[in-house]
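Colleague: The sequence and its predicted three-dimensional model are supplied below.
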Protein chains: 4
Amino acid sequence: MNADRESELAPGTRAPRTQGERRAQAERSLLDAAVQLIAERGIERFTLAEVGLRAGYSSGLPAHYFGRKDALVAAVARTITERFGDDLERHLVLKPGLDGLLATAAFYLDSAAADPQTARALSVLLGESLHRPDLLAEIARINRLGTAELERQLAYGIEQGRIRADLDVPSEAVLILAGLRGTIAQWLADPEGLRIEALRDAFLANLRRSLAA
Amino acid sequence: MNADRESELAPGTRAPRTQGERRAQAERSLLDAAVQLIAERGIERFTLAEVGLRAGYSSGLPAHYFGRKDALVAAVARTITERFGDDLERHLVLKPGLDGLLATAAFYLDSAAADPQTARALSVLLGESLHRPDLLAEIARINRLGTAELERQLAYGIEQGRIRADLDVPSEAVLILAGLRGTIAQWLADPEGLRIEALRDAFLANLRRSLAA
Amino acid sequence: MNADRESELAPGTRAPRTQGERRAQAERSLLDAAVQLIAERGIERFTLAEVGLRAGYSSGLPAHYFGRKDALVAAVARTITERFGDDLERHLVLKPGLDGLLATAAFYLDSAAADPQTARALSVLLGESLHRPDLLAEIARINRLGTAELERQLAYGIEQGRIRADLDVPSEAVLILAGLRGTIAQWLADPEGLRIEALRDAFLANLRRSLAA
Amino acid sequence: MNADRESELAPGTRAPRTQGERRAQAERSLLDAAVQLIAERGIERFTLAEVGLRAGYSSGLPAHYFGRKDALVAAVARTITERFGDDLERHLVLKPGLDGLLATAAFYLDSAAADPQTARALSVLLGESLHRPDLLAEIARINRLGTAELERQLAYGIEQGRIRADLDVPSEAVLILAGLRGTIAQWLADPEGLRIEALRDAFLANLRRSLAA
DNA sequence: TATGAATGAGCTTTCATTCAT
DNA sequence: GATGAATGAAAGCTCATTCAT
């Protein structure tokens, strides 16, 4: 679990030489460590010093790079949402419409199952954003990203005649995203008691029925 | 919004006389104030002193009653869930089956709309419970409460032939609760941009379709 | 160990009737409880509420009787020294001179062995008096009491020709008292590892030799 | 009396350069300040902030270094006993037997006379150790140190025929240490009223007589 | 008289942030 | 650039003390 500077290098690659490369890598390690710590303890209960030490650097480095703790947290939020957004885009370009929509939903749930720590960190950030205006900006981005994609797919599916036309598209997009988020949170709260695959299958079945033209 | 000791008394009533009454009332006021503060600022960013002062008492009283901040937070969680559980029970005894299920879902969303502060506090507690084992116990209670009721209604609806029988009932119950929670959270994050009534109608329409026999 | 209000009454006696008697008994119980607590935890680490509860009364009674904590501690010091002084006097009136001196020394050590809790409380008070001017007054009393008695006996022994006449009597009295106090403290710090009887016998043997005419 | 960071440097020396030196010096200054404060006010009545400020640093530094107050107090106890043990060793290697024993006793009393503040702090710690199990460990060390040395000297004196052979050596060692401790405490409680030199001379005379072969 | 509710000051402890090396 | 020493504000918690009943 403990991030290690070198372990992320592919075998045979050399340690990065330039200052810029070293800085970028250190920054990445710090952000990874921060994700872990946010998932484990929440935003308020980890210290900058811990982030540095867990990333394999000194206790002072996070402050040196990010200045204030808020900035580190914001960077974490941005990193998570950007990574997720990139992954999402790569997955979805090909399948618009109902199939794309179902694939998107499946992708959310599968991503959480594949990397629960990041999912947990994101859930924590979503929860905290309810009372932290500074986080809201970042969270609003990912919300827009998610709902925009869903709206696009819903509209396409309606156009194709595979999704019922009487939908309130914006509300529907919010509800789908909300359902995915809620399902992931519920699973993270009790990963032993719930089977994510069963939830996923039921979620997709529900979705198919509620959207059917 | 600011809780005041006397303002909760019906006009004309006298201040409580016995020590027990004084204590009980103080405790209630403190819990109310804590709900407000958790909704506004989250668990880590309110102080015990603020709770006391906002409730109209001294800064030391919350610590005097609850001992540790954790215990106050746990008491808040328990209070919210008990109140909600009581309200829920009162609403639902009469209508089992599909209609009861839809009424339950509507009740969740209507409750949030009627008392957004408490809904916000609960959402915050749900988020924090992901990394606070001491809160998980309290949250697990309300989860069981919610899913048990939903499972009961699903089973009854299947028996009646109004809900499709091929459902994975436990997963479905989790998904419905998750959808409600996620929807409320989404709305709380952007109450200006979203209309809770529209979300509610769309949610119920979806639910009806996805459960239809 | 827990003081009980009634248990100190001889069987068959009635509970005290008058306010004065009840008050006196309550005060005694509180002081006993305070002695125990000082022995166990020192002056700063017991609370007034504990004293009341341990004595079988309410948490507020010590404050009600003694006003401030300092006053309670002073009362404890005075009680211990008075009780000890009374016992000492009763023991020593009969034997002046060298034999009386040896009996006095034995009495100190035997008292500690018989009631280690009180001895511990007194040792604690002696230690604290080094940096608490308010306690010094009380402690000075018991010091004067002890050294005066020892000086009297030393003088008498010299007069009788049984104690060497080249003694510095005041210093000798201080040394004897200091030796007794130090020995008791040493034993209290390690009652398992040291045998008080052996220390007592050796102490008396030393004393006899160092004083011999 | 007030410790000052720079005042301990020999004139002309530069302030320490390396981080390690800065830290070590700060730690020493903090411990010195803590010794003073314990002597003046006891363990419970000084604050960590005072230690830092009196040492010429910030109020937060003691907590930063020692973590908890208990740890600072334990470090003080260890420092005092180590310093004393070192001094003692340097003094005593040369003279075993009766003369060494008398020299040891004299050294205890002379040390107290030379540095009453440290003696007072040690007396306070000894007193508090009666009800602070965490301190007992440290105090047990210095007790063993003292009695072991005394036992060694007693045994040597007996072997040489200059100390009476019917002694209970372990008890005698405890009594000597107890007498020294008690005498110092007595003097510290009333330094104006007592002359340490007179006590010292009388102590040594007594010791000589009670041990004489 | 006796109880215990309530106050608020003071402490330990944590840690973001600054700064010297 | 990187380290970690040092600062000082903030908050939880304790509890002597006051006061209503």
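Modeller: Yep, it's here.
Colleague: is it true that residue A:180 touches residue A:107?
Modeller: No: between residue A:180 and residue A:107 there is no contact under C-beta atoms under 8 Å: 9.4 Å. The way it works is simple: take the backbone N, C-alpha and C, and place the C-beta from them, glycine included.
Colleague: Specify which residue of these two has the higher count of neighbours.
Modeller: The neighbour comparison of residue A:180 against residue A:107 (other C-beta atoms under 10 Å in any protein chain shown) goes to residue A:180, with 26 against 18.
Colleague: Run the chain-centre distance for the helix or strand hosting the more buried one.
Modeller: For residue A:180, the enclosing helix or strand under DSSP states H and E is helix A:169-189. Distance, stretch centre to chain centre, for helix A:169-189: 13 Å (C-alpha atoms, centre = their mean, to the nearest Å).
Colleague: Please, where are all the helices along chain A?
Modeller: Using DSSP state H, the helices of chain A run over A:19-41, A:48-54, A:61-66, A:69-92, A:97-114, A:116-129, A:133-160, A:169-189, A:196-211.
Colleague: As JSON lines, the ones you listed with distance to chain B would be great.
Modeller: Below are these laid out as JSON lines (distance: least, C-beta to the nearest C-beta, whole Å):
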{"stretch": "helix A:19-41", "distance to chain B": "5"}
{"stretch": "helix A:48-54", "distance to chain B": "14"}
{"stretch": "helix A:61-66", "distance to chain B": "19"}
{"stretch": "helix A:69-92", "distance to chain B": "12"}
{"stretch": "helix A:97-114", "distance to chain B": "11"}
{"stretch": "helix A:116-129", "distance to chain B": "2"}
{"stretch": "helix A:133-160", "distance to chain B": "7"}
{"stretch": "helix A:169-189", "distance to chain B": "3"}
{"stretch": "helix A:196-211", "distance to chain B": "4"}
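Colleague: Which one, of those, ends up nearest to chain D?
Modeller: helix A:48-54 (11.7 Å; C-beta to the nearest C-beta).
Colleague: which helices and strands sit right next to the closest one?
Modeller: Using 3 or more C-beta pairs under 8 Å, 6 or more residues apart in numbering or on different chains; DSSP states H and E, the elements in contact with helix A:48-54 are helix A:19-41, helix A:61-66, helix A:69-92.
Colleague: In TSV: those, plus distance to residue C:65 and mean neighbour count.
Modeller: What follows is the helices and strands packed on helix A:48-54, written out as TSV (distance: least, C-beta to C-beta, whole Å; neighbours: other C-beta atoms under 10 Å in any protein chain shown):
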stretch	distance to residue C:65	mean neighbour count
helix A:19-41	48	18
helix A:61-66	55	20
helix A:69-92	52	17
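Colleague: What is the burial count for the nearest residue to residue A:132 once chain neighbours are set aside?
Modeller: Using C-beta to C-beta, 6 or more residues apart in numbering or on different chains and skipping the chain neighbours, the partner closest in space to residue A:132 is residue B:42 (7.2 Å). Residue B:42: 23 surrounding residues under other C-beta under 10 Å.
Colleague: what does the one 3 residues further on give?
Modeller: Burial measure for residue B:45: 15 neighbouring residues, criterion other C-beta under 10 Å.
Colleague: Indicate the residue of chain A located nearest to chain C.
Modeller: Proximity of chain A to chain C (C-beta to the nearest C-beta) peaks at residue A:45, 29.9 Å away.
Colleague: if I read this right, that residue contacts residue B:44, doesn't it?
Modeller: Yes: using C-beta under 8 Å, residue A:45 is in contact with residue B:44, at 7.2 Å.
Colleague: Residues touching the lowest-mean-pLDDT helix or strand in chain A, excluding its own?
Modeller: Ranked by mean pLDDT, DSSP states H and E, the weakest helix or strand in chain A is helix A:69-92, scoring a mean of 90. For helix A:69-92, contacts defined as C-beta atoms under 8 Å, 6 or more residues apart in numbering or on different chains pick out A:30-31, A:34-35, A:38, A:43, A:48, A:51, A:62, A:66, A:100, A:103-104, A:107, A:111, A:118, A:121-122, A:125, A:134-135, A:138-139, A:141-142, A:145, A:149.
Colleague: what does chain A put close to DNA strand F?
Modeller: Proximity of chain A to DNA strand F, by C-beta under 7 Å from any atom of the strand, involves residues A:19, A:22-23, A:26, A:52, A:57-61, A:63-65.
Colleague: Output these as TSV; include the columns pLDDT.
Modeller: Rendered in TSV, the data for these read as follows (pLDDT from 0 to 100):
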residue	pLDDT
A:19	75
A:22	83
A:23	87
A:26	94
A:52	97
A:57	97
A:58	96
A:59	96
A:60	96
A:61	97
A:63	97
A:64	97
A:65	97
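Colleague: can you pull the contacts of residue A:104?
Modeller: A:88, A:91-92, A:149-150, A:153.
Colleague: ok, how many other residues are close to the one residue in chain A that gets nearest to DNA strand F?
Modeller: Proximity of chain A to DNA strand F (C-beta to the nearest atom of the strand) peaks at residue A:60, 2.2 Å away. A total of 11 residues lie near residue A:60 under the criterion other C-beta under 10 Å.
Colleague: on that earlier part again, could you dump the helix holding residue A:180 to PDB, C-alpha only?
Modeller: Extracted in PDB, the C-alpha atoms of helix A:169-189 (Å, rounded to 0.1, in the frame of the first residue of the first chain):
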ATOM      1  CA  VAL A 169     -33.500  14.300 -20.100                       C
ATOM      2  CA  PRO A 170     -31.600  16.500 -17.700                       C
ATOM      3  CA  SER A 171     -33.300  15.000 -14.700                       C
ATOM      4  CA  GLU A 172     -32.700  11.500 -16.000                       C
ATOM      5  CA  ALA A 173     -29.000  12.200 -16.400                       C
ATOM      6  CA  VAL A 174     -28.800  13.400 -12.800                       C
ATOM      7  CA  LEU A 175     -30.700  10.400 -11.600                       C
ATOM      8  CA  ILE A 176     -28.400   8.000 -13.400                       C
ATOM      9  CA  LEU A 177     -25.300   9.700 -12.100                       C
ATOM     10  CA  ALA A 178     -26.800   9.800  -8.600                       C
ATOM     11  CA  GLY A 179     -27.700   6.200  -8.700                       C
ATOM     12  CA  LEU A 180     -24.200   5.200  -9.700                       C
ATOM     13  CA  ARG A 181     -22.700   7.400  -7.000                       C
ATOM     14  CA  GLY A 182     -25.100   6.100  -4.400                       C
ATOM     15  CA  THR A 183     -24.500   2.500  -5.300                       C
ATOM     16  CA  ILE A 184     -20.800   2.900  -5.200                       C
ATOM     17  CA  ALA A 185     -21.000   4.600  -1.800                       C
ATOM     18  CA  GLN A 186     -23.300   1.900  -0.400                       C
ATOM     19  CA  TRP A 187     -20.900  -0.800  -1.600                       C
ATOM     20  CA  LEU A 188     -17.900   1.000  -0.200                       C
ATOM     21  CA  ALA A 189     -19.600   1.200   3.200                       C
END
